[in-house]
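Engineer: Next comes the sequence, and after it the predicted model I'd like to discuss.
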2 protein chains.
Amino acid sequence: MARAWHLKSRPSGMPTNDNFEFKETNLPTLGDGHIRVRNLWLSVDPYMRGRMNDVKSYVPPFQVGEPLEGGAIGEVVESQAEGFAPGDLVLHMAGWRDEAVVPARGVNKLPSLGVEPQKFLGVLGVTGATAYFGLLDVASAKEGDIVFVSAAAGAVGSVVVQLARAKRMTVIGSAGGEDKCAFVGSLGADRVIDYRAGPLLKSLAAAAPEGIDVYFDNVGGDHLDAAFALARNNARFAICGMIAGYNDPNPASFRFIMRIIAARIRLKGFIVFDFQSRMDEFYREMGQLVASGAVKAQETVVDGLENAPEAFLGLFKGENTGKMLVRL
Amino acid sequence: MARAWHLKSRPSGMPTNDNFEFKETNLPTLGDGHIRVRNLWLSVDPYMRGRMNDVKSYVPPFQVGEPLEGGAIGEVVESQAEGFAPGDLVLHMAGWRDEAVVPARGVNKLPSLGVEPQKFLGVLGVTGATAYFGLLDVASAKEGDIVFVSAAAGAVGSVVVQLARAKRMTVIGSAGGEDKCAFVGSLGADRVIDYRAGPLLKSLAAAAPEGIDVYFDNVGGDHLDAAFALARNNARFAICGMIAGYNDPNPASFRFIMRIIAARIRLKGFIVFDFQSRMDEFYREMGQLVASGAVKAQETVVDGLENAPEAFLGLFKGENTGKMLVRL
């Protein structure tokens, strides 16, 4: 028997506990090419909110009555697959449960970088790769650029801040509340904006009197509009997330979108999975930065599978600093 | 004495005749390096609306009480500048008047391409170059792409339609009203949308069931939102103009802007003047397409300098098909 969180109903607007159901399920017998994994760490991420809607996106929607999915680190406890043995630590997508039987293709053994396993759900996982490829490839950020990053205390944002600093850029980070802003400052951001303290446009104009060259967008909405307003010529925006719009039924409105033309702004949306073929480069470069301490991995840990929905809902209330994780 | 249209007051929202004043002015005596030009053709363009606001943009704002400016074709009648002689046909920026004294730098003699002079205000001028560089460079449009272009009966749009056809792309054009739509069809568009006939998103979804690879945006607003909704993966948007927002004090709102991420859309704003160094390439390629008849230059001509404001205001009422010109 395994225990797993299921999607009970599709949320409209902000999800609540009522959208989740905790149920026991039978695990299938172990077929050829499959492994049985006991989960140690689960990832909860804002993009999962999108999978709760019944719309086509870059990942298929969750199905009502079925277990939720997401990144997880587990230990192999039984294997019918070549190359996997009990005791191996693996990264896979059967999160939101304590145990799972999964096909071995699509499961990755953790590379030996001498770091704690949960780092592969964060700074050395999808969130770190999102920061790395978004900043350096999608936004073409380079030494000397003035970089603005929203949700700078979040999982991706906190890595962007540190990466940008390590690459000698000037970094302006925004976050909500004094504690988070202090955290962003501790990561090495040159200037920090508390978006709860006043109108964002005004704050950004004060923090970036010279304007910005790069905007790493995790939130959309007012932040994106302020970035339009303050973009310097040939600014590049990497559009990574728009959390401001995920639970908001109203269309996003922009007063300064017309500046795309005058400032020749380039916006580009991206999905980290498009960079799968470059993960070796990422492990090499980011592994070094993490090992040297140039990039630190901040985590917010919630204990217990039964609290996974709370951890997920906390993402939308700004309860995490850095990567939000569930420890089993 | 010369006669010139002056900016009498800054419009808020849609400009009216009251914002313009027709006045006689003395021409300065001809200094060294200057020429006196008698204008034959004047260009009126949507971007001039932006110059009527007192805001920093890619061109400085018009000044209240001063003559308006804009592209013009004239004949040199007197010259104190090397390389210019009476009778030369030139392209310059002292439009909105019948005669002007201007410094010869910044004035271009028309290249000998065997076409009528006013073509250099349209298909072989800034509007043609905007279509050419926007489609082929900014949007990286290539053979086989499905291209959506708004304001397809307008100056820039009508060239985009023909260029895209000449380069073997599939073209969907939008325009307002039956006559314009028929015109867009006559240019070779594969499908035509009448944006006045129903909700744009529905019309575009019907015209592009497979989605779009490229959007050439002249209008912003609903058109841009529909393009977000229907973009295929790795779609490229060239943002050339947002006429929908020029006279609208409300912020633009977008229901589908989040698709930037899932579809990895690239948006890029541009100003044709950034491609100044590539005008030789443009004259060569576009000159050939115009000479061969592959690209036709549609014009709407308004006669008489006294009617220049009417011609300009007509741009916002959809009164032009192709390039709007004033003939003196």
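Structural biologist: Nice, I can see it. Predicted, not measured: the structure shown is a model, and the values here were computed from it.

Engineer: Strands along the stretch 51-200 of chain A, start to end?
Structural biologist: Listed in chain order, the strands of the stretch 51-200 of chain A (DSSP state E, counting those that start in this stretch) span A:72-79, A:89-92, A:99-103, A:108-109, A:146-149, A:170-175, A:191-194.

Engineer: list the helices and strands the helix or strand residue A:281 falls within packs on?
Structural biologist: Here residue A:281, judged by DSSP states H and E, is contained in helix A:279-291. If contacts are counted by 3 or more CB pairs under 8 Å, 6 or more residues apart in numbering or on different chains; DSSP states H and E, helix A:279-291 sits against helix A:126-133, helix A:155-166. All C-beta atoms are positioned from the backbone trio N, CA, C, and that covers glycine.

Engineer: Off-centre distance for stretch A:214-223?
Structural biologist: Chain-centre distance of stretch A:214-223: 14 Å, with CA atoms, centre = their mean, to the nearest Å.

Engineer: Identify the residues contacting it?
Structural biologist: A:131, A:134-135, A:139-141, A:145-151, A:154, A:156-157, A:160, A:169, A:174, A:195, A:200-201, A:224, A:227, A:231, A:235-245, A:252, B:257-258 (CB atoms under 8 Å, 6 or more residues apart in numbering or on different chains).

Engineer: what about residue A:284, how many residues close to it?
Structural biologist: Around residue A:284 there are 11 other residues, counting by other CB atoms under 10 Å in any protein chain shown.

Engineer: and if you look at the one 5 residues further on?
Structural biologist: By other CB under 10 Å, the residues close to residue A:289 number 20.

Engineer: quick one: it from residue B:47, how far?
Structural biologist: From residue A:289 across to residue B:47, the span is 45 Å (CB to CB, to the nearest Å).

Engineer: just to revisit the earlier point, mind listing what's buried in the helix holding residue A:281?
Structural biologist: A:279, A:282-283, A:285-287, A:289-290 (16 or more other CB atoms under 10 Å in any protein chain shown).

Engineer: Equivalent analysis for stretch A:250-266, please.
Structural biologist: A:252, A:254-266.

Engineer: So for it, mean pLDDT?
Structural biologist: Summarised as a single mean, pLDDT over stretch A:250-266 is 92.

Engineer: what about that stretch, near chain B?
Structural biologist: Yes: for stretch A:250-266, a contact with chain B is found by CB under 8 Å from any CB of the partner chain, at A:250-255, A:257-266.

Engineer: now swap in stretch A:6-16 and tell me
Structural biologist: No: applying CB under 8 Å from any CB, one finds stretch A:6-16 out of contact with chain B, separated by at least 15.0 Å.

Engineer: what about residue A:228, is that helix, strand or coil?
Structural biologist: At residue A:228 the chain is in helix, as set by DSSP: H, G, I helix; E, B strand; the rest coil.

Engineer: any idea how far it lies from chain B?
Structural biologist: If you measure residue A:228 against chain B using CB to the nearest CB, to the nearest Å, the figure is 10 Å.

Engineer: Below-threshold pLDDT in the stretch 1-150 of chain A: ranges please.
Structural biologist: A:57-58 (pLDDT under 70).

Engineer: how about the helices of it, start to end?
Structural biologist: Here the stretch 1-150 of chain A has its helices, by DSSP state H, counting those that start in this stretch, at A:47-51, A:126-133.

Engineer: Include distance to chain B when you put those helices into a markdown table, please.
Structural biologist: Below are the helices of the stretch 1-150 of chain A laid out as a markdown table (distance: least, CB to the nearest CB, whole Å):
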| stretch | distance to chain B |
| --- | --- |
| helix A:47-51 | 8 |
| helix A:126-133 | 11 |
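
Engineer: and these, which is most packed in?
Structural biologist: With neighbours taken as mean count of other CB atoms under 10 Å in any protein chain shown, those reach their highest mean count in helix A:126-133, at a mean of 25.

Engineer: Do I have it right that residue A:153 meets residue A:323?
Structural biologist: No: the criterion here is CB atoms under 8 Å, and residue A:153 misses it with residue A:323 at 10.9 Å.

Engineer: quick one: secondary structure of residue A:273?
Structural biologist: With three-state DSSP as the basis, residue A:273 sits in helix.

Engineer: Find me the pLDDT at it, would you?
Structural biologist: As predicted, residue A:273 sits at a pLDDT of 88.

Engineer: and the gap between it and residue A:259?
Structural biologist: 31 Å.

Engineer: again, but for residue A:47
Structural biologist: 28 Å.

Engineer: Ok, residue A:100 next?
Structural biologist: 48 Å.

Engineer: Equivalent analysis for residue A:243, please.
Structural biologist: According to CB to CB, residue A:243 and residue A:259 sit 23 Å apart.

Engineer: Equivalent analysis for residue A:150, please.
Structural biologist: 17 Å.

Engineer: What residues does chain A have near chain B?
Structural biologist: Near chain B, when you scan chain A using CB under 8 Å from any CB, you find A:57-58, A:220, A:225, A:239-242, A:245, A:250-255, A:257-271, A:274.

Engineer: Now for the most centrally placed residue in chain A: which residues touch it?
Structural biologist: Residue closest to the average C-alpha location in chain A (CA atoms, centre = their mean): residue A:127, at 4.3 Å. Applying CB under 8 Å, 6+ apart, we find residue A:127 in contact with A:45, A:121, A:155-156, A:159, A:323.

Engineer: Residue A:138 contacts residue A:267, doesn't it?
Structural biologist: No: if you go by CB under 8 Å, residue A:138 and residue A:267 don't touch, sitting 9.7 Å apart.

Engineer: Domain map for chain A?
Structural biologist: A:2-118+A:298-327, A:126-273 (automatic domain parsing).

Engineer: Quick check: which of those domains is buried the most?
Structural biologist: Comparing the domains of chain A by mean neighbour count (mean count of other CB under 10 Å), domain A:126-273 ranks first with a mean of 22.

Engineer: can you give me how far it is from the chain middle?
Structural biologist: Remark: domain A:126-273 is offset 14 Å from the chain centroid, using CA atoms, centre = their mean.

Engineer: How about stretch A:52-67?
Structural biologist: Relative to the centre of its chain, stretch A:52-67 is centred 18 Å away, using CA atoms, centre = their mean.

Engineer: Touching it from outside, list them.
Structural biologist: For stretch A:52-67, contacts defined as CB under 8 Å, 6+ apart pick out A:4-11, A:15, A:19, A:25, A:47-48, A:50-51, A:68-69, A:94, A:96-97, A:271, A:273, B:261-262.

Engineer: which of the contacts of residue A:127 sit farthest apart?
Structural biologist: Maximum pairwise distance among these (CB to CB): 13.6 Å, between A:45 and A:159.

Engineer: Show residues contacting stretch A:275-282.
Structural biologist: Applying CB under 8 Å, 6+ apart, the external contacts of stretch A:275-282 come out as A:128-129, A:132-133, A:137.

Engineer: same thing but 10 Å
Structural biologist: For stretch A:275-282, the surrounding residues in contact (CB atoms under 10 Å, 6 or more residues apart in numbering or on different chains) are A:108, A:111, A:124-125, A:128-130, A:132-134, A:136-138, A:272, A:285-286.
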